[in-house]
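>>> got a structure for you, letters missing:
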């Protein structure tokens, strides 16, 4: 890290970064409170987490201008942990999540993101949007008409106010107006204060109050592993979105380590695990934020606001938060993917929908992504397996049958490979030319052995040609592929 | 290793850079290539939307807005770059260089030069802060980064006008780097025929005198007319003071020898000399 790169990522855009940081801080407050409520902890846990995630990532992250805080994706994972074991175990899980993420960063696992296809990413984002929306429903059921009216008014302000001016964040206007109305009319509706404790002081360093036993470890490890995976997935996805928006590069492995460091810091000040946020990062870029300063300002300003405006934050009606979260959910959802559902290849659409369905039914983004990645792998193997052709010709006046195999032979195509031979034919000699084929795995080789054996049993003499060329692919020695012309040689 | 690269940006020193590059290319009898790097300005376009609201397809809409703004700016920069290159090519041809090429690249100046390095004999670039501030507290960080990064000689034009040098001054301290500098000068056709002044700063000791004599012999052996001088004081002060009395001179010196960390703490003679020199500076490695 050189002085000039510090200057570039911190000071090149001070005005834009500070303004965007303020906008983001204002938008983070309702989200942090809402996600704490989803996770089942006091709003202060999410607010402290958002502060420390944002501030630590500003220094440790690999993607300047990306916003990290308490997120819905992570909150959804920790619900049962909090319900069954309580807040202290969540803090331990947060620390462990950080350690796992640092490990992933040091092992350079960020590169594994290339196996997550575009369809899976879209499915993840859509599932997240749906889950955030569903999490608002408890606030909208069995309540008086006032709440519906307030929520509708909130949405109207959020989407209508930008037509009047874009200089003031419209979610903030919504919250101020609805809080004012609620206090002014003395409405008896739920407020943030009803949901739990708000921060009344700066966060302090504390150790989680749990027994340091193996049992504790086994309790939190499954949650931490899921949290680490979900956090890194959303962070990597958000980083590529910010990369694309700003047309600049990011350091994915540094971001992995940074997320880990931020989560450890968050765990020690009593915050819940967090990660990068797609919606907030888009808001940041839209408001002109580009550098690390924007993230830092967002975190610091958030804490100042919450600590000093605590009594006022208590008065915010839940209806205002619900309106903001519905906006976040709508903004996160990829409407493009629904519009193009028919236009895309069916396999991509199935992967996307499967990711959404599995995630929404299990409330676990990691499971959804796992299913999505698995399905895309299977579909891909299926497609490549079709790149196989077996030509037949005869020589020596029909006494020799020649099979020319061209294409990819592996587990997904070995059955088609076997099916191409006519074992019923009575012919003295068969020649199988595999010099233009690739044998990728053991299944392919055993399929060839099987074919040879079957012909021999019928009393046919079998000759296999070009096995050396074909099995170079089997040796898994990828070193030769680096040489110029190696790929062409493989492709013939 | 067969081209002179002139890094031009259309600002004040551009014409001097072209002239120096043309002068060097003719002396080295190698082709001249004019290079204009389109660097992305640190301040990216702003949409100016502080509403904080996310509508339908917020991400797609924002990407479209930002790329449209970038596209406009990119087109303007390309057009301006073409103009700059065309003018520069005309100027270099008029100065009598046979083979002049121009190219534009996106990216960082330093990265681009490192890519071109295997092909380069000499880089010529201009120093910017000279024109704007007489006190020159900072060295143009572009220049500094280039000098630190590239392994080929770099000629830094410090004035807006080119004046053909009548002599050159070698900043000499008897170190291995300095001797190598002298060897390189002796072996190169770039400065052939110009009288040399080998300037050393420090106490008048027999060691210093011997070192000066060594340099004199090497250069005389290569057919240079050589004078030597031993100045009292600190190099950062004495050398810049010496230069104005030498008329149209070129300062030649070796590049950074220090480690980066040490440089951060104690500063570097090379940087300071480059900053204070009124004469153009040729930096050798």
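Thanks, I have it. Computed from a predicted model, the values in this text were never measured in an experiment. Numbers count the residues shown, from 1 in each chain, chains lettered A, B, ... in the order given.

>>> Tell me which residues touch the residue of the stretch 101-250 of chain A at minimum distance from chain B, please.
Residue of the stretch 101-250 of chain A nearest chain B, by C-beta to the nearest C-beta: residue A:169 (3.5 Å). Backbone N, C-alpha and C define where each C-beta goes, glycine included. Residues near residue A:169 by C-beta atoms under 8 Å, 6 or more residues apart in numbering or on different chains: A:23, A:26, A:27, B:50, B:51, B:52, B:53.

>>> Assess the claim that the third one and residue A:170 are in contact.
So the one you mean is residue A:27. No. Look at residue A:27 against residue A:170 with C-beta atoms under 8 Å: they stay out of range, at 9.8 Å.

>>> who touches both of those two?
residue B:52.

>>> Sitting in strands, which of the contacts of residue A:169 do you find?
Among these, DSSP state E puts none in strands.

>>> Same list, those residues, but as TSV with neighbour count and distance to residue B:235 please.
TSV is the format used below for the contacts of residue A:169 (neighbours: other C-beta atoms under 10 Å in any protein chain shown; distance: C-beta to C-beta, whole Å):
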residue	neighbour count	distance to residue B:235
A:23	28	52
A:26	22	56
A:27	30	57
B:50	24	53
B:51	25	59
B:52	29	57
B:53	27	61
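
>>> Going by distance to residue A:162, which of the residues you listed wins?
Within the set of the contacts of residue A:169, residue B:51 lies nearest residue A:162; the separation is 3.9 Å, counting by C-beta to C-beta.

>>> Next up, phi/psi of the closest one, please.
Main-chain dihedrals, residue B:51, degrees, to the nearest 10: phi -70, psi -20.

>>> Give me the nearest residue to the residue of the stretch 101-250 of chain A closest to chain B, chain neighbours excluded.
residue B:52 (3.5 Å; C-beta to C-beta, 6 or more residues apart in numbering or on different chains).

>>> Equivalent analysis for residue A:349, please.
In space, and not counting its chain neighbours, residue A:349 is closest to residue A:341: 5.2 Å by C-beta to C-beta, 6+ apart.

>>> wait, is that neighbour part of a helix?
No. Remark: residue A:341 does not belong to a helix; assigned using DSSP: H, G, I helix; E, B strand; the rest coil, it is coil.

>>> Break chain A into its domains for me.
A:9-377, A:386-491 (automatic domain parsing).

>>> Can you tell me which of the ones you listed is most buried?
domain A:9-377 (a mean of 21; mean count of other C-beta atoms under 10 Å in any protein chain shown).

>>> circling back: tabulate the domains of chain A in TSV, adding columns for mean pLDDT.
TSV is the format used below for these (pLDDT from 0 to 100):
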stretch	mean pLDDT
domain A:9-377	91
domain A:386-491	81
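
>>> Let me have those domains in JSON lines, extended by distance to residue B:87.
Output for the domains of chain A, formatted as JSON lines (distance: least, C-beta to C-beta, whole Å):
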{"stretch": "domain A:9-377", "distance to residue B:87": "29"}
{"stretch": "domain A:386-491", "distance to residue B:87": "40"}
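
>>> Which of these sits closest to residue B:250?
Per C-beta to C-beta, nearest to residue B:250 of the domains of chain A: domain A:9-377, 35.1 Å.

>>> Endpoint to endpoint, the closest one covers what distance?
38 Å (C-alpha to C-alpha, to the nearest Å).

>>> Mark which of the contacts of residue A:169 are part of helices, please.
By the criterion of DSSP state H, membership of those in helices covers A:23, A:26, A:27.

>>> Can you tell me how far the last one is from residue B:208?
Separation of residue A:27 from residue B:208 (C-beta to C-beta, to the nearest Å) stands at 68 Å.

>>> Repeat that for the second one.
As for residue A:26, its distance to residue B:208 is 68 Å (criterion: C-beta to C-beta).

>>> Equivalent analysis for residue A:418, please.
Relative to residue B:208, residue A:418 is positioned 87 Å away (C-beta to C-beta).

>>> mind listing what the residue in chain B that chain A sits nearest to touches?
When scored by C-beta to the nearest C-beta, chain B has residue B:54 as its residue closest to chain A, at 2.3 Å. Residue B:54 sits next to A:279, A:282, A:283, A:327, A:328, A:330, A:331, A:332 when contact means C-beta under 8 Å, 6+ apart.

>>> Same question for residue B:204.
So residue B:204 contacts B:230, B:232 (C-beta under 8 Å, 6+ apart).

>>> Could you rerun that using 7 Å?
By C-beta atoms under 7 Å, 6 or more residues apart in numbering or on different chains, residue B:204 lies in contact with residue B:230.

>>> nearest spatial neighbour of whichever residue of chain A sits closest to chain B, skipping sequence neighbours?
Nearest residue of chain A to chain B, counting by C-beta to the nearest C-beta: residue A:331, 2.3 Å away. Setting aside the residues directly before and after it, residue A:331 is nearest to residue B:54 in space (C-beta to C-beta, 6+ apart), at 2.3 Å.

>>> repeat for residue A:91
Closest to residue A:91 by C-beta to C-beta, 6+ apart is residue A:208, at 4.0 Å.

>>> thinking that neighbour is in contact with residue A:88, fair?
Yes. Residue A:208 is within contact range of residue A:88, at 4.9 Å (criterion: C-beta atoms under 7 Å).

>>> Count residues in the vicinity of residue B:189, would you?
Neighbourhood size, residue B:189 [other C-beta atoms under 10 Å in any protein chain shown]: 10.

>>> er, residue B:115 I mean
When neighbours are defined as other C-beta under 10 Å, residue B:115 has 11 of them.

>>> Mind giving me the packing neighbours of the helix or strand containing it?
Taking DSSP states H and E as the criterion, residue B:115 maps to helix B:109-116. If contacts are counted by 3 or more C-beta pairs under 7 Å, 6 or more residues apart in numbering or on different chains; DSSP states H and E, helix B:109-116 sits against helix B:141-149.

>>> ok, then the element right after the helix it packs on?
Next along the chain after helix B:141-149, taking DSSP H and E as the criterion, comes strand B:154-157.

>>> strand partners of that next one, parallel vs antiparallel please.
In the sheet, strand B:154-157 lines up against strand B:120-126 (parallel), strand B:281-284 (antiparallel) (DSSP bridges).

>>> Hey, what's the angle from the first one to helix B:109-116? Just curious.
When you say that, I think you mean strand B:120-126. Counting by axes from the mean of the first three to the mean of the last three C-alpha atoms, to 10 degrees, strand B:120-126 lies at 160 degrees to helix B:109-116.

>>> between strand B:120-126 and helix B:141-149, how big is the angle?
Counting by the same axes, to 10 degrees, strand B:120-126 lies at 160 degrees to helix B:141-149.

>>> Would you state the strands of the stretch 151-300 of chain A in chain order?
A:275-276 (DSSP state E, counting those that start in this stretch).

>>> what does it put close to chain B?
Counting by C-beta under 7 Å from any C-beta of the partner chain, the stretch 151-300 of chain A comes close to chain B at A:158-159, A:161-162, A:166-171, A:241, A:244-247, A:279, A:282-283, A:285-288, A:290.

>>> 10 Å instead?
Within the stretch 151-300 of chain A, the positions adjacent to chain B are A:157-174, A:241, A:244-248, A:278-291 by C-beta under 10 Å from any C-beta of the partner chain.

>>> Which ones among those residues map onto helices?
Those of those lying in helices (DSSP H): A:157-164, A:170-174, A:241, A:244-246, A:278-286.

>>> which residue sits closest to residue A:388, ignoring its sequence neighbours?
residue A:407 (3.7 Å).

>>> Need the three-state assignment for that neighbour.
strand.

>>> what does the one 5 residues further on give?
For residue A:412, the secondary-structure state derived from three-state DSSP is coil.

>>> Can you list the residue ranges for strands in the stretch 1-150 of chain B?
With DSSP E, counting those that start in this stretch as the criterion, the stretch 1-150 of chain B has strands spanning B:3-7, B:32-38, B:100-106, B:120-126.

>>> okay, the angle between the second one and helix B:109-116?
Here the directions of strand B:32-38 and helix B:109-116 differ by 140 degrees (the same axes, to 10 degrees).
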